[in-house]
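1. quick one: sequence and predicted model below, then my questions.
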Protein chains: 2
Amino acid sequence: MTDQAAGRDRDRRPTMVDVARAAGVSLKTVSRVANGVPTVRSDLADRVRAAMSELGFQRNNVAANLRSGRNTATIGLIILDLANPFYSTIAAAAAAVAERFDTQLITASSGWDPVRERELVLDLCERRVDGLIIAPTGDDQSYLGAEIARGMPAVFIDSPPSGCLADTVLIDNRTGTRDLVRRLLAEGHRDIGVITDSLNDFTMRERLAGAAEALEEAGIESGRHFRRIYSDRPHTAGDAVGAMLDSSEPPTAFFCGNNRILLGAVEELARRHDRTRLAAFDDFEFAPLLPRPVTVVGYDTRTLGRLAAELVFQRLRRPRSAQANYVVPTYLVDRGMAVDPV
Amino acid sequence: MTDQAAGRDRDRRPTMVDVARAAGVSLKTVSRVANGVPTVRSDLADRVRAAMSELGFQRNNVAANLRSGRNTATIGLIILDLANPFYSTIAAAAAAVAERFDTQLITASSGWDPVRERELVLDLCERRVDGLIIAPTGDDQSYLGAEIARGMPAVFIDSPPSGCLADTVLIDNRTGTRDLVRRLLAEGHRDIGVITDSLNDFTMRERLAGAAEALEEAGIESGRHFRRIYSDRPHTAGDAVGAMLDSSEPPTAFFCGNNRILLGAVEELARRHDRTRLAAFDDFEFAPLLPRPVTVVGYDTRTLGRLAAELVFQRLRRPRSAQANYVVPTYLVDRGMAVDPV
DNA sequence: CCACAGACAGACAACGTTGTCCCCAGTACA
DNA sequence: TGTACTGGGGACAACGTTGTCTGTCTGTGG
């Protein structure tokens, strides 16, 4: 009979009704067993469990969530590009926190497209995720105001939101850069080439501001050796390095606004057999293998993801808690190796 | 009146019932408008849409999925470690395909724990994901047989499943390694040190087999310079390199089974100012910056993720299609740079 | 022997949406 | 004027589960 039933609708997943019929108990008793309610007589519970495994029953969490109004045990993570190690590290750290709360992460990349970002937020809200972690792009997140007001926990990472209030976890871009440029100044450098990419990016603006602070402290005009590049292709950074080196007053040190720019600079310097001092924002896994010494601003990317996820769960427990704004500290570290000739 | 209603339960999300009441139409008409059914009189549709935006209505996809029995527009991706660029690249590529189908990815890391892998599969099935992409760990995936029989699309990547039949997308580890070792042999190397880590890993077994094939073709005993290391810490690989170099018949070339082993080897060789020929499986972003020439086996990681996701959606359309087993080709590429002394 | 409490199973409604069906108004045709 | 048809809105049930409530059965104390 069981075979017959299984044959009749092999593709249909068994429901609690099927289990109840097979075990000869009521639907509600199956529900109680499935949820581990202790007040079920043990012989009935055993029969239910036997029927469950015989039928291969799996609870339908979609239905359970709908009825109970409980959380979906899902949080949404919207980042710029999952293929970028910075963001995948954040995702991994957030997922590790989520795991402690039996929660899964839906991770989606906006690809620097504000429209897509907004669509993703809407989609995730319609899926009734329990919270959102967002690395924003574009400069208007006001569409989130209504969600936040309804109690949706939202945490912004790497850049703050515009147009709405939410928890944030940011890197201390400004202090990190200021400390790094101070170090170059302390070493005696006075002509420091600063290379950034698009200043539409909050983090890049902060880094530039940090560099400017340090330079102005030293009485140096901060725009003196500044190049802003417009592409993320490394050789564009190389071109900027080349142009500055070929100028009448070449810098004696370079500050690269991120690791991509650094790579372009390293290649150009290697090509020119030039040993100009190098410094950059962003530490990365292979920085120790760089073929020349570089001082970089490091920070714990995992902390960023961890704090963001913890904030989501904290706000889930206490929805009306005060807004939190965390800053992840930075440090200076010397990377690159002195290699012998090949 | 609207204010009053909004004030009464500000935290409750408006439902279609609320919208229907506000627009003075039936619940079903709201549903029709929400789903873009064209047979709704335009004045009613306008009233509904106005009510929707006034109330800030968002469809509850949990309920919609339950009722319609439709797909949840979610696929599950179980990988070993999202922080590893190999897997995050796969995740990004799979997400890009999923985006074309308006589907989101739930990405979870098993962390090389077979128990966790199984729990994750179960969890994702209870969430009624539309399909699964799994990078397996452990050697028993028989628990998936029932799911696959029920029609759950499941695609295994990087390693095949054990104990059940499913689509696979694998890298051509064996051919890649064989070609690489053939190249070393063609260069005249006869003493080739082979370093792998744990052979519990399918990919590593395949790579070793590929190396053995090439060596045996050349009449060389394949186990002659073989070291298997037991940790993923780079310096263990360095130790293996050192031990082989210090032996009475040191290799003139090394094949490293993955990029982590390569890094350990590079460091050890740099420390010793030793220029033994280097070759390895795995290309990676910073390989061009390695301080000495290395020939590596490359492959397109994005293809792996893309094909896996495409297989899921293909099987979703035609559940009973034949099992697919894709192999991602490999190629040899010279990396590393000839750097000048620092 | 009765009253009562406690333990526990089951009937029923509900979550928010969509599928099915029916009904009504309007139109065409005989 | 009656009939058949069509376009379109609404009533109702249903998806699979959980919350609430009721009812039964057992055991205990007076």
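-> Right, received. Where do you want to start?

2. how about whichever residue of the stretch 201-342 of chain A sits closest to DNA strand D, nearest residue that isn't a chain neighbour?
-> Among all residues of the stretch 201-342 of chain A, residue A:316 sits closest to DNA strand D, at 17.0 Å; criterion: C-beta to the nearest atom of the strand. C-beta here means a position set from N, CA and C on the backbone, and glycine is covered the same way. Counting by C-beta to C-beta, 6 or more residues apart in numbering or on different chains, residue A:153 is the residue found nearest to residue A:316 once chain neighbours are left out, at 5.5 Å.

3. I'd like the distance between residue A:214 and residue A:296.
-> 16 Å (C-beta to C-beta, to the nearest Å).

4. the more surrounded of the two?
-> More crowded of residue A:214 and residue A:296, by other C-beta atoms under 10 Å in any protein chain shown: residue A:296, with 26 against 22.

5. for stretch A:227-234, give the mean pLDDT please.
-> With pLDDT averaged residue by residue, stretch A:227-234 scores 74.

6. still on that earlier bit, I'd say the residue nearest to residue A:316 and residue A:133 touch.
-> No: with contact defined as C-beta atoms under 8 Å, residue A:153 does not count as touching residue A:133 (9.0 Å).

7. shared neighbours of the two, anything?
-> By C-beta atoms under 8 Å, 6 or more residues apart in numbering or on different chains, residue A:153 and residue A:133 have these common neighbours: residue A:312.

8. the two: who's more crowded?
-> residue A:133 (28 against 23).

9. residues in contact with the helix or strand that contains the more buried one?
-> Residue A:133 is part of strand A:131-134, with elements assigned from DSSP states H and E. For strand A:131-134, the external contacting residues (C-beta under 8 Å, 6+ apart) are A:75-78, A:94, A:117, A:121, A:124-125, A:141, A:144, A:147, A:152-157, A:161, A:305, A:308-309, A:312-313, A:315-316.

10. near chain B at all, the helix or strand that that strand is followed by?
-> Next helix or strand after strand A:131-134 toward the C-terminus (DSSP H and E): helix A:145-149. Yes: using C-beta under 8 Å from any C-beta of the partner chain, helix A:145-149 reaches chain B at A:146, A:149.

11. show me which residues of helix A:145-149 are buried.
-> A:147-148 (16 or more other C-beta atoms under 10 Å in any protein chain shown).

12. keeping just the C-alphas, turn it into PDB.
-> Presented in PDB, the C-alpha positions along helix A:145-149 are these (Å, rounded to 0.1, in the frame of the first residue of the first chain):
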ATOM      1  CA  GLY A 145      13.500  54.200   4.600                       C
ATOM      2  CA  ALA A 146      10.100  52.500   4.600                       C
ATOM      3  CA  GLU A 147      11.600  49.100   5.100                       C
ATOM      4  CA  ILE A 148      13.700  50.200   8.000                       C
ATOM      5  CA  ALA A 149      10.700  52.000   9.500                       C
END
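
13. which SSE is immediately downstream of that helix?
-> Assignment by DSSP H and E places the next element after helix A:145-149 at strand A:154-157.

14. name the strands paired with that next one and say parallel or antiparallel.
-> Strand A:154-157 has the following sheet partners, assigned by DSSP bridges: strand A:131-134 (parallel), strand A:167-171 (parallel).

15. quick one: mean pLDDT for the first one?
-> The reference is to strand A:131-134. 98.

16. same question, the longest one
-> With pLDDT averaged residue by residue, strand A:167-171 scores 98.

17. how about the helix or strand immediately after that strand in the chain: buried residues?
-> Per DSSP H and E, the first helix or strand lying C-terminal to strand A:167-171 is helix A:173-186. Neighbour counts over helix A:173-186 (16+ other C-beta under 10 Å) mark A:173-182, A:184-185 as buried.

18. name the element the residue nearest to the spatial centre of chain A belongs to?
-> What sits nearest the mean C-alpha location of chain A, by C-alpha atoms, centre = their mean, is residue A:90, with 3.8 Å. When elements are assigned from DSSP H and E, residue A:90 belongs to helix A:85-100.

19. can you give me the separation between residue A:125 and residue A:221?
-> Relative to residue A:221, and taking C-beta to C-beta, residue A:125 is found at 48 Å.

20. those two: which has the busier surroundings?
-> A side-by-side neighbour count of residue A:125 and residue A:221, using other C-beta under 10 Å, places residue A:125 first with 21 against 10.

21. please report the distance of the more buried one from residue A:319.
-> Taking C-beta to C-beta, one finds residue A:125 at 16 Å from residue A:319.

22. then residue A:122?
-> 21 Å.

23. next: residue A:130.
-> On the measure of C-beta to C-beta, residue A:130 and residue A:319 end up 11 Å apart.

24. what's the overlap in contacts for those two?
-> Joint contacts of residue A:130 and residue A:319 (C-beta under 8 Å, 6+ apart) are residue A:153.

25. between those two, point out the one with more neighbours.
-> Applying other C-beta under 10 Å to residue A:130 and residue A:319 shows that residue A:130 carries more neighbours, namely 20 against 12.

26. quick one: contacts for that one?
-> A:71-75, A:103, A:153, A:312, A:316.

27. which of these fall in helices?
-> A:312, A:316 (DSSP state H).

28. dump the contacts of residue A:130 into TSV; add distance to DNA strand C and pLDDT as well.
-> Converted to TSV, the contacts of residue A:130 look like this (distance: C-beta to the nearest atom of the strand, whole Å; pLDDT from 0 to 100):
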residue	distance to DNA strand C	pLDDT
A:71	14	90
A:72	13	95
A:73	17	96
A:74	17	97
A:75	20	97
A:103	21	97
A:153	19	96
A:312	22	97
A:316	18	94
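
29. which members of the contacts of residue A:130 are classed as buried?
-> A:71-75, A:103, A:153, A:312, A:316.

30. list the buried residues in stretch A:221-238.
-> Per 16+ other C-beta under 10 Å, stretch A:221-238 contains these buried residues: A:222, A:225-227, A:229, A:234, A:236-238.

31. same check, this time on stretch A:283-296
-> So, applying 16+ other C-beta under 10 Å, buried residues of stretch A:283-296: A:283-284, A:286-287, A:289-292, A:294-296.

32. hmm, residue A:314 is touching residue A:322, no?
-> No: using C-beta under 8 Å, residue A:314 makes no contact with residue A:322, being 10.8 Å away.

33. distance of residue A:98 from chain B?
-> According to C-beta to the nearest C-beta, to the nearest Å, residue A:98 stands 9 Å off from chain B.

34. circling back to that earlier point, out of residue A:314 and residue A:322, which sits in the busier spot?
-> residue A:314 (17 against 7).

35. for residue A:326, give me its contacts.
-> By C-beta under 8 Å, 6+ apart, the neighbours of residue A:326 are A:167-170, A:307, A:311.
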